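Trainee: I would like the atomic coordinates for the input below:
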Amino acid sequence: MKTNIVLIGMTGSGKSTIGEKLSQQLDMPFKDIDHFIEQTTKKTVSELFEVSEAHFRAIETQACKELAVTESYTVISCGGGVVLNPENIEALRKTGWIVFVDRPVEHIIKDIEIGHRPLLKDGENVLYQLYEERFDLYQTAADFCVDNQSNLENVLNEITHHLPEAITHKRRR
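Mentor: The predicted model follows:
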């Protein structure tokens, strides 16, 4: 049975903020895959990317597989590139409802510090390019999409509206 809530979307789309609030609202644990990777490798995402993007992506795939089988009734926030490897989505889909948090790039640019994002070190245009490259992957991977242009409460309500009652009321058996 699917008991996790998995948030996917662009870097800066609000996945971590939404995930933390959703976990509080539903009284579920929250896991951020990038933080999980940093804790298990004892290296930052930037340091792992310095080795190579392929190196980071391999670690990300292992993290997705591990969290998918070890967590239940958990809100999981994924890195923006999690959709690049179908294995990640396949693993996460087995135990989780996948929610695409969609946010216009213009809004993302206003809110994030690009300097801390390894793939965005070359400027904002990269963000537009990544959005175009990944948008269809996000839509295909998602069980449903939420538009993150309104206030946080509306976004949370939209997510919980789409989820089965067994998750929103945590009926553990």
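Trainee: mind listing the helices in the chain by residue range?
Mentor: Here the chain has its helices, by DSSP state H, at 15-26, 33-41, 45-51, 53-70, 86-95, 105-111, 124-141, 152-162, 165-168.
Trainee: For residue 80, which of those helices is the nearest?
Mentor: Counting by CB to CB, residue 80 lies closest to helix 124-141 out of the helices of the chain; the figure is 7.1 Å. Any C-beta I mention is one placed from the backbone N, CA and C, and that applies to glycine too.
Trainee: average pLDDT for the closest one?
Mentor: Here helix 124-141 scores 92 as its mean pLDDT.
Trainee: And stretch 60-71, by the same measure?
Mentor: 95.
Trainee: how far does that stretch sit from the chain's center?
Mentor: From the chain centre to the centre of stretch 60-71 is a distance of 13 Å (CA atoms, centre = their mean, to the nearest Å).
Trainee: buried ones in it?
Mentor: 60, 61, 62, 63, 64, 65, 67, 68, 71 (16 or more other CB atoms under 10 Å).
Trainee: and if you look at stretch 95-107?
Mentor: Quick answer for stretch 95-107 (16+ other CB under 10 Å): 95, 96, 97, 98, 99, 100, 101, 102, 103, 105.
Trainee: Could you do stretch 11-20 as well?
Mentor: By neighbour count with 16+ other CB under 10 Å, stretch 11-20 contains the buried residues 11, 12, 13, 14, 15, 16, 18, 19.
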